[in-house]
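Enquirer: Next input, structure requested:
(4 chains)
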Number of protein chains: 4
Amino acid sequence: MSATTAVAPLRIGVIGVGRIGRMHAELIAHQVPGAALGAVYDAHEPAARDVASELRVPAAANVEELLHSDLDAVAICSSSDTHVELMIAAAEAGKAVFCEKPVSLELAELDRALGAIESAGVPFQIGFNRRFDPAHASVRDAVVSGTVGDPHLVRISSRDPAPPPPEYVRSSGGLFLDMMIHDFDMARFVTGHEVVEVFARGAVRVEPWFAQAGDIDTALVMLVHSDGCLTAIDNSRRAAYGYDQRVEVFGSEGMAVSENPPAHTGVVLTAAGERRPPHPHFFLERYLPSYVREWQGFVEAVKPGSAPPVSTADARAPLVIGLAALRSLREGRAVRVEEVQAP
Amino acid sequence: MSATTAVAPLRIGVIGVGRIGRMHAELIAHQVPGAALGAVYDAHEPAARDVASELRVPAAANVEELLHSDLDAVAICSSSDTHVELMIAAAEAGKAVFCEKPVSLELAELDRALGAIESAGVPFQIGFNRRFDPAHASVRDAVVSGTVGDPHLVRISSRDPAPPPPEYVRSSGGLFLDMMIHDFDMARFVTGHEVVEVFARGAVRVEPWFAQAGDIDTALVMLVHSDGCLTAIDNSRRAAYGYDQRVEVFGSEGMAVSENPPAHTGVVLTAAGERRPPHPHFFLERYLPSYVREWQGFVEAVKPGSAPPVSTADARAPLVIGLAALRSLREGRAVRVEEVQAP
Amino acid sequence: MSATTAVAPLRIGVIGVGRIGRMHAELIAHQVPGAALGAVYDAHEPAARDVASELRVPAAANVEELLHSDLDAVAICSSSDTHVELMIAAAEAGKAVFCEKPVSLELAELDRALGAIESAGVPFQIGFNRRFDPAHASVRDAVVSGTVGDPHLVRISSRDPAPPPPEYVRSSGGLFLDMMIHDFDMARFVTGHEVVEVFARGAVRVEPWFAQAGDIDTALVMLVHSDGCLTAIDNSRRAAYGYDQRVEVFGSEGMAVSENPPAHTGVVLTAAGERRPPHPHFFLERYLPSYVREWQGFVEAVKPGSAPPVSTADARAPLVIGLAALRSLREGRAVRVEEVQAP
Amino acid sequence: MSATTAVAPLRIGVIGVGRIGRMHAELIAHQVPGAALGAVYDAHEPAARDVASELRVPAAANVEELLHSDLDAVAICSSSDTHVELMIAAAEAGKAVFCEKPVSLELAELDRALGAIESAGVPFQIGFNRRFDPAHASVRDAVVSGTVGDPHLVRISSRDPAPPPPEYVRSSGGLFLDMMIHDFDMARFVTGHEVVEVFARGAVRVEPWFAQAGDIDTALVMLVHSDGCLTAIDNSRRAAYGYDQRVEVFGSEGMAVSENPPAHTGVVLTAAGERRPPHPHFFLERYLPSYVREWQGFVEAVKPGSAPPVSTADARAPLVIGLAALRSLREGRAVRVEEVQAP
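Expert: Residues are numbered from 1 along each chain as shown, chains lettered A, B, ... in the order given. Prediction:
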C-alpha cells in the first residue's frame, strides 16, 4: 500500500491558463513523469473550460474551490498583480507552490508572500525556467565542478525577437523587472555569488513608445559580485535575427559558454559564403526543454527531505538587483544593492 | 454545419503500440493539430490496454473491430511481418494508411500491398520520417530551389549509438534493408533522381554476432543516379559519440549539408581545448520533430486534392536499391538496379 | 622611366627591432608588396646588427643617420617613452611615420607629437593593427554597409593567454592604457561613433603583483557613444584557453561578430563529447595577417591623394577614453570623456 | 667551432621556380629555421634570374652546376616529366632530395627513380604536403593515439575552387593521378593501413572539355584497406564555395575530423539567417602552414639518425592505387591493388 502511495503522481492545479499557464498545464498533463494535472482555474471562465475540456480535468469555479480540493500543489500563472495574494492563500491551504515570476514588483509585497510561504513551511519554486536550460545549466555545472576556476568575468545577452505590446509594457515593471530579471537570476546562478553593486545605462532604440511608457528597450548593466566577479548584461527588446540568449563565465581556469541553439542544423555554401538559418523566434520554442525540466525539478523538490532548486532567496535577490538597476539608471551612478535592501 | 465538418480532426487508429507505435499514438493524441487518436490495438492485449487507458481512447479487441469503426485512418506500427496483410485489410476498409517501414522485405509482397492501396484509391504514406527532419529537408529545399545547382556528389552517414539486440537483427532483413534503407530513401529524396547502379562493401567490425546472424554491422555503398550523380552512404551499428546522421549534396553551384544537432549548446574552453557535449544517443530524441512533422504532412495529405508527401513509389524504390546492395555485396560487383526490378 | 618610378617600392626604416619591431622589419622586407626595408636602428647595437645582417640592410649608427638617409618612411617600434621625440624628429625630416601604440601615456605629449605631424604634413599611422584583422574588419564592414543597422549594443572581449612580466607592467601605463586601449579603438572603429562616457570597474584576480604595481589585471568597462550605443569591454591578463579576442556589434537590423579563430580545424568526437584544440596562445600567431594588411594599408595611404586608414584623431581618442577609465576606476563614478579632454 | 657547425643551416637548391617552386624557394629563404636557400635553377632562364635576384642567391646556369655545388639538398619542382631524371642525378650527386609529386605517372619509371634514391642512400621526401596540415595531422594523431579506436570508415572530400587549364589537364595524368593521388596518400596516412581494393566511378560534370582530354572532373572512389576499413573519396574540379578539403576517420571509439578552415571568423546574423564568408579559393592560402611544416619536417629528417616523414613507399603506393582506380573506371569493376602491382 505504502509503495503505491510512494509513486502516486503529484497532483497539480494551474491557476491562470493564458499562454504560459496553458503551456504549464499541457506539460504537467502529458510530459512530466510523476506529475498529473488535477484542475485548472482562470478568471476568464471560457479559457478555463477550454483547457479543462482539452486536457480532461475539472475547471474550478473559483480559487477557493481549487485550493480546497485534494491537490498537492498549485502553479500560479495568472497576471502578475494577483501573485502575492494567491501565494499567501495557497501557502495557507498547505499546497506546494510554483509561481511564475515576478512574485511582485514591490519588495515589501514580495516579502509578505515569501513570509507566508515560510510560515506555512510549504515547498516553493519560482519560475526562473532558464536555470533548467541544459546549455545554461552546463555553464553553472562547469563553475560548480571547478572546471572554469574562480569566476572573474561574466557576459549575458538576452534579446527578444520582438517587443511585447505597449499595454503589456506599461504594467510590466519595465525592462529591468520584466526582462532582465531573468539575467540577474542567471548571474547569481552561474557564478554562485551574490551581487553587491549595480551600474545601469539604458536607451530607447527599438520603438519610441517605450519612452512614452516610461520604459527603455535597450540596456547594458554592470554587476559587481561579492567575490569581485564582474558581470555585463545586455538586453534588447528586438533582435532581428531571432531569440538571442547567451551566457558566458570566464574564470581562472577557463570559460564556459551557453551558445544559441540553431533552428535547425542545415547549412548552405555557395560562392556567396555559408548560410545558416535564423534562430528560433519564439521563447517557447527556444525554452521548451527548460520548462519540462523545471517541472521535473519541482516534482523532485516536493519530495520529503528535498529542497526546491530555486529558493525563496532566489525569488527575492533578482528583484532587489532590478530595483538597484532602476535607481542607478535614474541617478546616473553605481548603486550598492544594500541601499535597496535596507528597510 | 459544413464549416464544422471541415475542421473535424482526422481520427486515426494505431495498430501496434510497442516503442514506435506508442510514440505515434502519443503524438497523434497530443501534438498534431487536426489529428485525433481514435483507438489502439495491439496483439499483446495488456500493451493496448495500458496505452488506451493513458491516452483515454478505446482499445480494439481485434483488427477487424478497429478497421470497421468510424476511423479515418490507421497507422500500422506492428511487427514488420504483419504489414502487408494489414495494409491490404486497411485499404479494403477504405482507410487512409500510414505504415512504418518496411512494408515488406520481399518485393513481390510489397507490390501486392501497394497494389491493394492503389486499387482502393486510399491515401498512403510510408514512415520515412527523416524526410521531415528540418535540417535534412533544408538540403532537399536547397536542391529543389536550384541553390546548389545540379547534384554531382552526395555523402550520407548514418551511424547508430548502439546495435539492436541480436534477436531483432536476425529478423530485420539485415543492415541494408533495416538501416540503410532510410539512406537509400534520403539519396532519392535530396537529389530528386532515381538510382541506377549500386556497389556495396560491408564488414563485421562492431560485434562478432552480426556475422553469426548472416549480417554486417558496417558498410559503405556507392550509388550512381540516373543523371550521373554519385552518392556514398556509410552505416555503422555503433558510434561511440552518439547518434550520427548527416546528409550532404554537392552540386554545380554549391553545397547543402545537414549537420548533427548537438545535445545542447554548452561549450567549455580550458587549457586542454574546447569541449562540447556528445550527440544525443537515442533516435527518438534526435528525430522527435521529424515525427511530429511527419504526422502534420499526413494530415495535410489526406485532404481531398492532396497527395501524400511520400508516395508508393517512394515505398518501393529503397527496397529495390537495398536488394541490389545485397546482391552487390554477395557477388562483389556493381549491380544495376534494373537487374533486381526485373520480374 | 616614369613608369618605373611609379612602382618604386616605399623604402621604410625601422627604429627599434625588439620583438615587435623585428616582426615589422621582416614583414616589410618579405611580405609587403610595394614596400622595401631600407635600414634599421636600435639603441641596443647588437640587436640592430643582427636584424640588419639577416635581412641584408644597413644598420644605422644613430637615429639622425637613419632619418637623414633616403628613406620614405620610418616605423617607430622602440620603447614607448621614446615615441614622442622620434615622431617629432621623423616629421621634421619629412618622413611618413608609422608609430606603434602608444604614442604617449600623457595627453599633452601626444598632442605635441601629433602637432608636429600635422605641421609637417607627413602621413601618419598608429599601430592599431586589429583594425586590419579580416574578421574584426568584417564587423565594421557590416555596420558601414548598413547590414546590422544602427549599432545599439557592442561587446568586446580581449583576454591574453598570459600576463606580461612585472617590469613591463610597471611602465606600461596600466591595463587601460596598455591593453584595453586596443578595445577603445575597436569600439570607435566598429560603431563609427565617438565615446562620450566611461564607467570602469577593475580587479586583481590573476596575479597579486599587479596590485603592487598599482595596476589591475581584470576589468569591465562600459562606454556610452555619442549616438546612444552602449559598449561593454572586458579584459583579462590571463585566459587559460589561449588568446581570446572577440568583437560583436548588435544593431537594429542584425548582429556582426568576430569570433576567435581556432588553432586548427581538427575535431575529435568520443563518448566524452566533442573536442577542439585550444586557441592560439601568441598574439603574433593570432594577428599576423592583420600586421601584413596594416602595412599594405600604410603603403596605400602614403600615395598622393590618399589618407592613412588610422588618423591622428584615431591615435588620440583611445588615450582620452583610457584616461577617463582610469579616473572612473579611481573615483567610482561614470566619467564624461569631455572631463578628460578639457585643457 | 663544432658548435657553430652543428647549427649550420641546411643549404637547399630549388630546381624549377614556377608557381610552386617559387613558393618553396621563398619559404626556404625566409620561413624555415635551420634551412637556407643556396641557389635556384629554371629551364626558363629569366624566371630563375628573377627569383634569384629577389631572394639574393645565385641562379645556376644548369642542373649540373647546381648539383655539383656545395648544397646539402635539392628541391625538384620542375615539370613532372623531368622528375625521374632529376631525382636520379641528385641522388647520384649525394644530395638529400625533396621532390614535388608526382615522381612519375608510370610505375616502372617511379621505381627506377626510387631505386636510385635507395642505392645512393640519400634522404628523400615527396611533396605530399597535406600530411603536414595541422588539422589533417590531428586526425592521424587521434588514430595513432588510439582515441578513435580501430578505423572502420573514412570519408575524404577534395574539391578545387576551379579547374586547371585544359593544357595542364592533358598532361596531368588525369584526375586520379593528378588530384586524387593526394587523397590516396591521405587514406593510407590517417588509417595506417594499406589499400587492397579500389572501385571507382567518374563523370564529366564541370566542363565538357574534360571528356575531350580523356579525363573526368568528378569522381567517387571506394577503397578497401588491408584491415577491412572502408574509405570513400570524392573529388570535384570545381566547388563554387571555394577550396573544400575534409578528412574524417570513424572508428570503434569515436571519430576524428578535419574541417575546412574559414577564410575568416566573421559572422553576420540578420532576419535572413547567419552568414559566414566563403572558404579560401586558393590552395596556397589554404595550405601555406602545411608547406612551412613540410620543410621543417625535411630539415629534421635529413639529420643523422632520422628518417623522412614521407618515405619512398609513401611515394609509390598512391600511384599504384591511382592506376587501380583508372583500371576500375575503365573496366567497371572492383580492382585488387595487387593486379596493378604485379610486374
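
Enquirer: okay, CA-based contacts and neighbour counts for the rest of this
Expert: Will do.

Enquirer: Wait, residue A:298 touches residue A:125, no?
Expert: Yes: using CA atoms under 8 Å as the test, residue A:298 is close enough to residue A:125 to be in contact (7.1 Å).

Enquirer: and for those two, which residues touch both?
Expert: A:98, A:308-309 (CA atoms under 8 Å, 6 or more residues apart in numbering or on different chains).

Enquirer: Which of these fall in strands?
Expert: Among the shared contacts of residue A:298 and residue A:125, DSSP state E puts residue A:98 in strands.

Enquirer: top of the shared contacts of residue A:298 and residue A:125 by neighbour count?
Expert: Within the shared contacts of residue A:298 and residue A:125, most neighbours by other CA atoms under 10 Å in any protein chain shown means residue A:98, with 23 neighbours.

Enquirer: give the contact list for that residue.
Expert: With CA under 8 Å, 6+ apart, residue A:98 has these contacts: A:73-76, A:124-127, A:298.

Enquirer: buried residues in the strand or helix carrying residue A:298?
Expert: Counting by DSSP states H and E, the element that carries residue A:298 is helix A:283-301. Neighbour-count burial for helix A:283-301, with 16 or more other CA atoms under 10 Å in any protein chain shown as criterion, is recorded at A:286, A:288, A:290-301.

Enquirer: Turn the residues you listed into JSON lines, columns for pLDDT.
Expert: Formatted as JSON lines, the buried residues of helix A:283-301 follow (pLDDT from 0 to 100):
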{"residue": "A:286", "pLDDT": "86"}
{"residue": "A:288", "pLDDT": "90"}
{"residue": "A:290", "pLDDT": "94"}
{"residue": "A:291", "pLDDT": "95"}
{"residue": "A:292", "pLDDT": "94"}
{"residue": "A:293", "pLDDT": "95"}
{"residue": "A:294", "pLDDT": "95"}
{"residue": "A:295", "pLDDT": "96"}
{"residue": "A:296", "pLDDT": "95"}
{"residue": "A:297", "pLDDT": "94"}
{"residue": "A:298", "pLDDT": "95"}
{"residue": "A:299", "pLDDT": "94"}
{"residue": "A:300", "pLDDT": "92"}
{"residue": "A:301", "pLDDT": "88"}
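
Enquirer: Where does the residue in the stretch 51-200 of chain A that chain D sits nearest to sit: helix, strand or coil?
Expert: When scored by CA to the nearest CA, the stretch 51-200 of chain A has residue A:161 as its residue closest to chain D, at 9.7 Å. Look at residue A:161: counting by DSSP: H, G, I helix; E, B strand; the rest coil, its state is coil.

Enquirer: Next: residue A:78.
Expert: coil.

Enquirer: Check the contact between it and residue A:17; I expect there is one.
Expert: Yes: with contact defined as CA under 8 Å, residue A:78 counts as touching residue A:17 (7.1 Å).

Enquirer: Between those two, which is the more surrounded one?
Expert: More neighbours surround residue A:17 than the other of residue A:78 and residue A:17, with 27 against 22 (other CA under 10 Å).

Enquirer: ok, and the closest non-adjacent residue to the more buried one?
Expert: Spatially, and ignoring its direct neighbours in sequence, residue A:17 is nearest to residue A:42 (6.0 Å; CA to CA, 6 or more residues apart in numbering or on different chains).

Enquirer: Quick check, pLDDT for the spatially closest residue to residue A:282 that is not a sequence neighbour.
Expert: Of all residues not flanking residue A:282 in the chain, residue A:243 sits nearest, at 6.7 Å (CA to CA, 6+ apart). Predicted confidence (pLDDT) for residue A:243: 95.

Enquirer: and what of the one 3 residues further on?
Expert: pLDDT for residue A:246: 98.

Enquirer: A strand includes it, no?
Expert: Yes: counting by three-state DSSP, residue A:246 is located in a strand.

Enquirer: quick one, what contacts the nearest residue to residue A:78 once chain neighbours are set aside?
Expert: Excluding its sequence neighbours, the residue lying closest to residue A:78 (CA to CA, 6+ apart) is residue A:16, at 4.1 Å. Contact analysis of residue A:16 by CA under 8 Å, 6+ apart lists A:22, A:40-43, A:48, A:76-79.

Enquirer: just for chain A, where's the confidence low?
Expert: Along chain A, the model assigns pLDDT under 70 to residues A:1-7, A:342-343.

Enquirer: any idea how far the residue sitting furthest away from the middle of chain A lies from chain D?
Expert: Taking CA atoms, centre = their mean, the residue of chain A most remote from its mean C-alpha position is residue A:271, at 43.0 Å. The gap separating residue A:271 from chain D is 4 Å, by CA to the nearest CA, to the nearest Å.
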